[in-house]
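Trainee: coordinates for the following, if possible.
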Amino acid sequence: MTWLHTWSGLVVGWVLFAVFFTGTLAFFQHEVTDWMQPELQHKAQAEQSLTQAQAFLSKKAPDSARWSVSLPDQRSATTTVFWRDANAGGRGFKRATLDGNGEEVELRESRGGSFFYRFHFDLHYMPVLWARWLVGICSMFMLIAIISGVIIHKKIFKDFFSFQPGKGPRSWLDGHTITAVLALPFHLMITYTGLVTLMFMYLSWAISLGFGDRNSLFESLTRQPAAVVASGEAAAMLPLQQLYQQAAATLNGAAISFVAVNNPGDVAATVQFTEGSTQSLIVPGRTLVYSAVTGELLNQLQPQLVAEHTRRTMVNLHAGRFAGLQLRWLYFISGVMGALMIATGLVLWSEKRLKKLHADNKIPFGQQLVRWLNAGVILGLPLAVAAYFYANRLLPLTLENRAEMEIHCFFAGWAFMLLYPLLRGISNSWREGAMLTALAYLLLPLLSVLTVPRNILSYRFPADTTLLAVDLMLLLSAGGFFLLWRFTVRRKAAAKQHRDTAQELVCR
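Mentor: Residues are numbered from 1 along each chain as shown. From the prediction side, this is the model:
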């Protein structure tokens with residue numbers, strides 16, 4: 001079990017660290033997006049957003065075959081509208097973002113916090129299918145490492161209360177144990193439910209055996225009605241906000257997150273209201289279908305299988321969409337401990353083997369590779385996030401493919417830290433990389449003062465509370481990396497003193 005725990009964690013540890021780190025940031029993806037798109041002045045309100053969206057779409061896309069509206073909530077400050085357009089290219093949709101006044105707002109092109117969310121299971125620069133398989137395999141290794149770790153640590157709770165700083169590998173083991181035990185239920189939950197979110201892909205053979213194809217499965221799960229064909233006869237639609245209120249009453253006040261209008265302006269026009277998963281863990285997943293002309297309730301759809309309800313609950317548990325602010329912070333803190341657990345485990349593997357080497361022994365290639373990857377990934381990923389934020393503030397607003405350029409800067413920052421040990425050595429990389437990352441986070445709020453009108457010196461409250469919270473987290477992160485720098489400096493000084501003492505004893 002010790003062998004299994006060690007190697008199941010080491011082989012995929014760097015991918016797992018990236019997944020845990022970016023997945024943790026994704027718990028506040030909407031807040032990060034607000035910070036990265038500071039042009040928004042008026043936040044949208046659910047009570048008015050649908051009326052505003054209908055007015056906008058009626059003017060912008062009256063002949064479109066389908067409208068879709070993503071409604072704002074407590075965390076999302078805009079209304080996002082989509083409409084089918086034959087000239088749109090790609091998936092055939094165009095989109096616009098509306099503010100609280102119902103006006104289309106020109107926000108800087110950026111993926112915002114959604115990049116972290118997508119990266120933690122889609123990665124980047126590789127086919128999505130390959131990326132999800134890679135992340136899934138690594139998650140399976142993670143599950144094995146967690147279970148075997150519980151088994152091999154016979155004194156896991158006793159060791160939790162006996163942290164010994166400054167003891168080399170023993171200190172790294174204590175840190176690894178503490179971060180593992182404090183959030184152990186979270187680590188098990190987030191790893192297992194992460195696999196469940198993509199179970200249809202990982203267990204596609206079961207779908208083939210039971211249903212023949214995926215379409216048959218999804219028809220069985222959701223029992224969607226037959227698509228209504230447009231009649232070609234024009235008719236005035238009821239106000240969507242009126243139908244929204246009817247749907248909300250039918251759902252007993254449950255949140256509605258998505259509205260779709262099929263064949264708008266036609267006698268056969270229908271409106272679908274989809275229940276959101278932002279208020280409770282166990283969501284029925286209901287969809288109400290109304291006639292957009294008469295207001296008649298045509299269908300009430302809801303998954304019938306208990307297995308599907310269980311799957312949706314696990315997906316909601318993994319994403320934490322139902323969580324309020326306090327619980328989301330617990331998710332975030334537990335995710336940080338998960339990233340630290342992986343990082344300390346990787347460093348522990350290296351430290352234990354370095355301890356066994358004599359002074360004149362050359363470090364084997366495999367150990368040197370692990371040390372290099374530890375410095376490049378564990379320090380490189382936070383620096384990459386800082387580079388992503390710097391790109392958001394510094395890249396010209398009119399730059400073509402600006403959002404993708406921000407992402408390129410993210411990976412450029414990561415690549416810089418991966419190459420840094422080759423130039424300065426691994427020990428210097430930890431010390432200098434920690435200081436560089438601390439300075440990068442420390443200067444970000446100042447950069448905002450110089451580049452955007454809404455900044456830490458001009459925030460208005462309570463409207464800009466979210467932006468201030470992000471700035472404070474950047475400063476707190478700077479403090480954390482400064483402490484890491486101090487630790488590496490003291491460790492270097494202690495090692496030098498130990499060598500000098502040993503040399504003095506030899507001379508005597």
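
Trainee: hey, let's count contacts and neighbours off CA atoms from now on
Mentor: OK.

Trainee: give me the low-pLDDT residue ranges for the stretch 1-150 of the chain?
Mentor: Per-residue confidence for the stretch 1-150 of the chain (pLDDT under 70) gives these ranges: 88-90.

Trainee: can you pull the phi and psi angles for Leu301?
Mentor: The phi and psi values for Leu301, taken as degrees, to the nearest 10, are phi -100, psi 140.

Trainee: test my guess that it contacts Arg286.
Mentor: Yes - Leu301 is within contact range of Arg286, at 5.6 Å (criterion: CA atoms under 8 Å).

Trainee: and Ser231, backbone torsions?
Mentor: The phi/psi pair for Ser231 (degrees, to the nearest 10) reads phi -80, psi -20.

Trainee: could you do Leu305 as well?
Mentor: For Leu305, the backbone dihedrals are phi -80, psi 130 (criterion: degrees, to the nearest 10).

Trainee: so Ala65 sits against Asp266, correct?
Mentor: No - here Ala65 lies out of contact with Asp266, judged by CA under 8 Å, at a distance of 9.6 Å.

Trainee: more neighbours: which of the two?
Mentor: Asp266 (21 against 18; other CA atoms under 10 Å).

Trainee: could you list the domains of the protein?
Mentor: With domains defined by automatic domain parsing, the chain comprises 1-39+111-221+311-356, 42-106+224-303, 360-508.

Trainee: relative to Ala269, how far out is Glu104?
Mentor: Taken as CA to CA, to the nearest Å, the spacing of Glu104 relative to Ala269 amounts to 25 Å.

Trainee: where along the stretch 101-250 of the chain do the helices fall?
Mentor: 114-122, 128-152, 156-160, 169-182, 184-197, 199-202, 204-211, 214-222, 240-250 (DSSP state H, counting those that start in this stretch).

Trainee: mind checking which of those is nearest Ala77?
Mentor: When these are ranked by proximity to Ala77, the top entry is helix 114-122, at 14.4 Å, counting by CA to CA.

Trainee: what is the orientation angle of the closest one with helix 184-197?
Mentor: Angle, helix 114-122 to helix 184-197, by axes from the mean of the first three to the mean of the last three CA atoms, to 10 degrees: 80 degrees.

Trainee: show me what counts as buried in helix 114-122.
Mentor: For helix 114-122, burial by neighbour count (16 or more other CA atoms under 10 Å) applies to 114-117, 119-122.

Trainee: what is the nearest of those to Ala230?
Mentor: With CA to CA as the yardstick, the closest approach to Ala230 among the buried residues of helix 114-122 comes from Ser114, at 35.2 Å.

Trainee: where does the protein have low pLDDT?
Mentor: Low-confidence regions of the chain, defined by pLDDT under 70, span residues 88-90, 155-170, 222-226, 358-360, 494-508.

Trainee: and after the one helix or strand Ile333 maps to, which helix or strand comes next?
Mentor: Counting by DSSP states H and E, the secondary-structure element that holds Ile333 is helix 325-355. Note on helix 325-355: by DSSP H and E, the next helix or strand toward the C-terminus is helix 365-373.

Trainee: quick check: buried residues in that next one?
Mentor: Along helix 365-373, the positions that meet the burial threshold by neighbour count (16+ other CA under 10 Å) are 370-373.

Trainee: can you check stretch 483-496 too?
Mentor: Judged by neighbour count using 16+ other CA under 10 Å, the buried positions of stretch 483-496 are 484-485, 487-489.

Trainee: hang on, the earlier thing: so which of the helices of the stretch 101-250 of the chain is nearest Arg402?
Mentor: Of all the helices of the stretch 101-250 of the chain, the one in closest proximity to Arg402, counting by CA to CA, is helix 114-122 (13.4 Å).

Trainee: columns distance to Leu379 on top of the buried residues of helix 114-122, output as TSV?
Mentor: As requested, the buried residues of helix 114-122 are exported to TSV (distance: CA to CA, whole Å):
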residue	distance to Leu379
Ser114	22
Phe115	19
Phe116	17
Tyr117	20
Phe119	18
His120	17
Phe121	21
Asp122	21
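
Trainee: next, count neighbours for Gln326.
Mentor: Taking other CA under 10 Å as the neighbour definition, Gln326 ends up with a count of 9.

Trainee: and what of Gln245?
Mentor: Look at Gln245: counted by other CA under 10 Å, it has 13 neighbours.

Trainee: could you check how far it is from Leu98?
Mentor: 21 Å.

Trainee: buried sites along the helix or strand harbouring Leu419?
Mentor: Secondary-structure assignment from DSSP H and E places Leu419 in helix 402-424. Applying a neighbour-count criterion of 16+ other CA under 10 Å, one finds 402-403, 405-415, 417-421 buried in helix 402-424.
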